[in-house]
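> return a 3D structure for these sequence lines:
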Amino acid sequence: MNTNDKAYVIQQSLKENGYVKLAGVIADYIEKNERHDILRLGFVGDDLVGKSTVINAFLGEKVVPETVLPSSAEISVNYGMEYEIKNQDGKPVDQKELLRLIEEDDAVSITVPNKILKNHGIEIKEFHGLLNRQKLSDMFWMSSIYKCDTIVLVMSAEHLLSENECAFIDNFIQYVGSDRLLLVVNKLTSVSNSDIDRVLEYTQKQISIKFPDVKWSVNDPESYFSGIVSKYTSTNVNDGIIGLCNITSDSRSYANNNILHFVRDELLSETDNLRDKKGKSEEEIKISNRKVLEQKELEKAAIENALIEFAQRRNTAVDKVDTFIKKEFADISDRLLMEYENATDRHAWYGNELEKIWKKNVFNSSERADEFITKIVTEDVEWLNGLLNTNLKSGRMAVEILDRQINSSDKLIPYKKYVSIGIGGGIIIGYCLFRMVGVVIGLGGGALAFSYLKFKEAAQDEEIQRGISAQIRDISSEVRKLTRIEIEKLYDEVLNEFKKEVDGILDSKYRIVNINTDDYERKITELQKIITKMEV
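Numbering: from 1, shown residues only. The predicted model follows:
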């Protein structure tokens, strides 16, 4: 099995085991091995250090725009017979669009008939925004750089050898090699003439101490400082870059093997990490879980104590509604009897007006009952939400109570409606219990009036009044009985929703740690198989 076939097997194993980033590094390694005729030269550095200026100076012409704003695009410069620009989708664009593309697109490709590119078989890559602490430690981000055969790190004379620049140099030397890296100091003109010697001497000293095998130079295309620069630098820019292009096969092999070593080291580190996790005492985890459950139960007990008060509120609500409805029906009865007494023709009023006035009064009482019940339910739901906020530091619950049928007797015809009650982040579909319009009892098809009795006037009046009062009392009793049942059901549903909300919050807050030693062992075994395949 050749090197690339072996690398492909390793790549597939890494992907299958969830190590996608490391599989990507191996994919870059394979691509690099298959690229023989073109040498990829990368330019990296912080934003606005002048990477494009150094590239243009090396090529002897302005190929890459030199801007005063940070670019976002990864720029590729290749040799071609004709000048051409392509956007991130590989579509040709006009040269006028180049400046906009490097500021907005992720990738831009420039083909140019440049002799230096042709004679040395070079492809140039300019990278942006890679030298920050997070990305330097992430091989996924840095793999595009490591795909390059050689790298030119451009630094500004105003801020040399920063912590991130030094970290990049250390990593690159470790995984690629010092002979594949050139350091270039740019923007020397920004330093006052009196400080140039001191800056160059400092740079020379720091590089010789930290990176003795790395060559460095100063970008000075106009030769303003040629006399001074040559005293300190190890090469000039053009010679240094051309030197990078003369890579031996041994150097290529060394760099490629170092990339494999990087992946292997990462897998060994992950194996040790898995062993540490597996090695945790199962008894310690049980003790930790027991403490979590104890704390959860304490908090749940505090909520349960508070719910005793909610049960009292429910009972109070039932009593208040019962009293309200009882009074409403009593008032209706009084009004009907008064109107009967005051009627000019009581028989005509009884036969023609009683039902209409009765239903009108019931409708009005129903409206008042709706408002009264809705107000009480809203206040109690708000009280529950207050428990969530103060006791559990949580948002408000959303309670939804679904419509349902009320079983009616032969004598009771209930009506009901929905009322939306806003409670902050949630909505309770307030079941207003019933609308009492049409709640009637009696003979003659459910009418309040009963059969006309041909008694004497006084006896008939007395009988009619007793009948109206008795039937309204019966209706009141039936309505209140049903109301009590339905309000208790409603409060039970609200309470169930509240308990679900509390359980969800507590489950999220107090998580139990599960450990599966078999799973750890399986992962360790798979990693060891991959590491064995990578032995060089």
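
> wait, Leu98 sits on Lys86?
No: taking contacts as Cβ atoms under 8 Å, Leu98 lies outside contact range of Lys86: 10.5 Å. Where C-beta positions appear, they are placed from N, C-alpha and C, glycine not excepted.

> and for the two, which residues touch both?
Common neighbours of Leu98 and Lys86 are listed as Val108 (criterion: Cβ atoms under 8 Å, 6 or more residues apart in numbering).

> in stretch 274-290, what's buried?
274, 278 (16 or more other Cβ atoms under 10 Å).

> make residue 1 into 870 and carry on from there
That works, and once the first residue is 870, the last one we named lands at stretch 1143-1159.

> and it, how far out from the chain's middle?
Averaging C-alpha positions (Cα atoms, centre = their mean, to the nearest Å) puts stretch 1143-1159 30 Å from its chain's average.

> kindly report the same for stretch 1329-1337.
With Cα atoms, centre = their mean as the basis, the mean position of stretch 1329-1337 lies at 72 Å from the chain mean.

> quick check: mean pLDDT of it?
Mean pLDDT, stretch 1329-1337: 80.

> need the CA coordinates for it. CSV is fine.
Extracted as CSV, the C-alpha positions of stretch 1329-1337 are listed here (Å, rounded to 0.1, in the frame of the first residue of the first chain):
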residue,chain,number,x,y,z
GLN,A,1329,-102.9,31.5,40.6
ASP,A,1330,-100.6,34.5,41.5
GLU,A,1331,-99.3,32.7,44.5
GLU,A,1332,-98.7,29.5,42.6
ILE,A,1333,-96.9,31.3,39.7
GLN,A,1334,-94.7,33.2,42.1
ARG,A,1335,-93.8,30.0,44.0
GLY,A,1336,-93.1,28.2,40.8
ILE,A,1337,-90.8,30.9,39.4
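
> so which helix or strand of this structure has the lowest pLDDT on average?
Here the helix or strand of the chain ranked lowest by mean pLDDT, DSSP states H and E is strand 1287-1292, holding a mean of 31.

> how about Tyr1389: what's its closest non-neighbour residue?
Lys1147 (4.0 Å; Cβ to Cβ, 6 or more residues apart in numbering).

> give me the number of residues near Glu1240?
12 (other Cβ atoms under 10 Å).

> pLDDT score for it?
Taking Glu1240 on its own, its pLDDT is 80.

> and the one 10 residues further on, by the same measure?
Looking at Val1250, its pLDDT is 81.

> pretty sure it is touching Val1363, no?
Yes: assessed by Cβ under 8 Å, Val1250 is found in contact with Val1363 at 6.1 Å.

> could you pull out the strands in the stretch 1020-1169 of the chain for me?
For the stretch 1020-1169 of the chain, the strands defined by DSSP state E, counting those that start in this stretch occupy 1050-1055, 1084-1087.

> so which of those strands is the most surrounded?
strand 1050-1055 (a mean of 25; mean count of other Cβ atoms under 10 Å).

> check which helices and strands that strand is in contact with.
helix 920-928, strand 1019-1025, helix 1032-1044, helix 1065-1079, strand 1084-1087, helix 1106-1114 (3 or more Cβ pairs under 8 Å, 6 or more residues apart in numbering; DSSP states H and E).

> now do it: everything it contacts.
918-919, 922-923, 1019-1026, 1029, 1038, 1041-1042, 1069, 1072, 1076, 1080, 1083-1088, 1104, 1106, 1109-1110, 1112-1113.

> cool, and stretch 958-978?
By Cβ under 8 Å, 6+ apart, the residues outside stretch 958-978 that reach it are 933-934, 936, 938, 940-945, 947, 952-957, 979.

> how long is it end to end?
10 Å (Cα to Cα, to the nearest Å).

> what is the rounded mean pLDDT of it?
pLDDT averaged over stretch 958-978 gives 85.

> run the chain-centre distance for it.
Between the centre of stretch 958-978 and the centre of its chain there are 32 Å (Cα atoms, centre = their mean).

> next, the buried residues of that stretch.
Within stretch 958-978, the residues scored as buried using 16+ other Cβ under 10 Å are 962, 967, 970-971, 974, 976-978.

> out of the helices and strands packed on strand 1050-1055, the one nearest Leu1351 is which?
Leu1351 lies closest to helix 1032-1044 among the helices and strands packed on strand 1050-1055, at 75.3 Å (Cβ to Cβ).

> got the CA positions of that closest one in PDB?
Output in PDB follows, covering the C-alpha atoms of helix 1032-1044 (Å, rounded to 0.1, in the frame of the first residue of the first chain):
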ATOM      1  CA  GLU A1032       2.600  36.600  20.900                       C
ATOM      2  CA  ASN A1033       0.400  35.200  18.100                       C
ATOM      3  CA  GLU A1034       3.200  35.500  15.500                       C
ATOM      4  CA  CYS A1035       5.600  33.700  17.700                       C
ATOM      5  CA  ALA A1036       3.000  30.900  18.400                       C
ATOM      6  CA  PHE A1037       2.500  30.500  14.600                       C
ATOM      7  CA  ILE A1038       6.200  30.300  14.000                       C
ATOM      8  CA  ASP A1039       6.700  27.700  16.700                       C
ATOM      9  CA  ASN A1040       3.800  25.500  15.300                       C
ATOM     10  CA  PHE A1041       5.000  25.800  11.700                       C
ATOM     11  CA  ILE A1042       8.600  24.900  12.600                       C
ATOM     12  CA  GLN A1043       7.300  21.900  14.600                       C
ATOM     13  CA  TYR A1044       5.000  20.500  11.900                       C
END
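
> chain center to it, what's the gap?
For helix 1032-1044, the distance to the chain centre is 33 Å (Cα atoms, centre = their mean).

> got the buried residues for it?
Buried, per 16+ other Cβ under 10 Å, within helix 1032-1044: 1034, 1037-1038, 1040-1042, 1044.

> quick check: His1026 touching Val1068?
You called it His, but residue 1026 is Ala. Yes: between Ala1026 and Val1068 there is a contact under Cβ under 8 Å: 5.9 Å.

> got the domain ranges for the chain?
904-929+996-1142, 1154-1386 (automatic domain parsing).

> mind putting the ones you listed into CSV with distance to Tyr898?
Rendered in CSV, the data for the domains of the chain read as follows (distance: least, Cβ to Cβ, whole Å):
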stretch, distance to Tyr898
domain 904-929+996-1142, 5
domain 1154-1386, 33
